[in-house]
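task: produce atomic coordinates for the following.
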Amino acid sequence: MQKLYVPIATGIIALDMQHEHFHKMINEFAVICQDHKVDNTEAAKFFSEAVEYVVDHFDSEEFFMRSIDYPYYDSHVEQHDKLRADMEKYAEELAKTENISKFAENFAEQVSEWFARHVATADARLSEYYHKNNPPEQKK
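I've put the predicted structure just below:
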């Protein structure tokens, strides 16, 4: 049975929604590939969509960090840049693979683990900073 990956919440609604959507994409890809319902062309199309989504998410998150003058912006973006580079390596691997199912399983596991670590550390730190410096309005 395919292991499903669940995102960790940060308490920043827009980021949490993006994380959840990306995890759904990864899980769907892994399950479909496990059932051998895609060929290399379809897998490449999905992968391209996933890369585009990661880029859009990181752009959005980086915009958010700049908008709140996040003091750890540079180190956070370095982590994003690492995954961006890894996604290029995954694309090269996908182009060469003969076993889409195995590729999808490895991709889903590795990227989900990266996101889990990133959200639990870097995004948690961002969330803590944001909530500390932008407390919810007090109800009267």
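
give me the number of residues near the closest residue to Ser60 other than its chain neighbours?
Computed as CB to CB, 6 or more residues apart in numbering, the closest residue to Ser60 that is not its neighbour in sequence is Gln18, at 6.7 Å. All C-beta spots, glycine's among them, are computed from the backbone N, C-alpha and C. Gln18 has 19 neighbours, counted by other CB atoms under 10 Å.

and Gln18, how close does it get to Arg84?
As judged by CB to CB, to the nearest Å, Gln18 and Arg84 stand 15 Å apart.

swap in Arg125?
Shown here: Arg125 relative to Arg84, a distance of 20 Å by CB to CB.

low pLDDT regions in this protein?
In the predicted model, the chain carries pLDDT under 70 at residues 1-7, 35-37, 136-140.

let me see the ranges of the helices in it.
In chain order, the chain shows helices spanning 13-34, 40-67, 73-96, 100-118, 124-133, with DSSP state H as the criterion.

now do the buried residues in the longest one.
By neighbour count, with 16 or more other CB atoms under 10 Å as the criterion, the buried positions of helix 40-67 are 43, 46-47, 50, 54, 57-58, 61, 65.

give me the contact list for stretch 44-53.
Here stretch 44-53 makes contact (CB atoms under 8 Å, 6 or more residues apart in numbering) with 21-22, 25-26, 29, 38, 87, 90-91, 94-95, 107.

just the buried residues of those residues.
Burial by neighbour count, 16+ other CB under 10 Å: within these this picks out 22, 25-26, 29, 38, 87, 90, 94, 107.

export those to a markdown table and tack on distance to Pro71?
Conversion of those to a markdown table gives the following (distance: CB to CB, whole Å):
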| residue | distance to Pro71 |
| --- | --- |
| Phe22 | 26 |
| Met25 | 31 |
| Ile26 | 31 |
| Phe29 | 36 |
| Val38 | 43 |
| Met87 | 27 |
| Tyr90 | 31 |
| Leu94 | 37 |
| Phe107 | 33 |
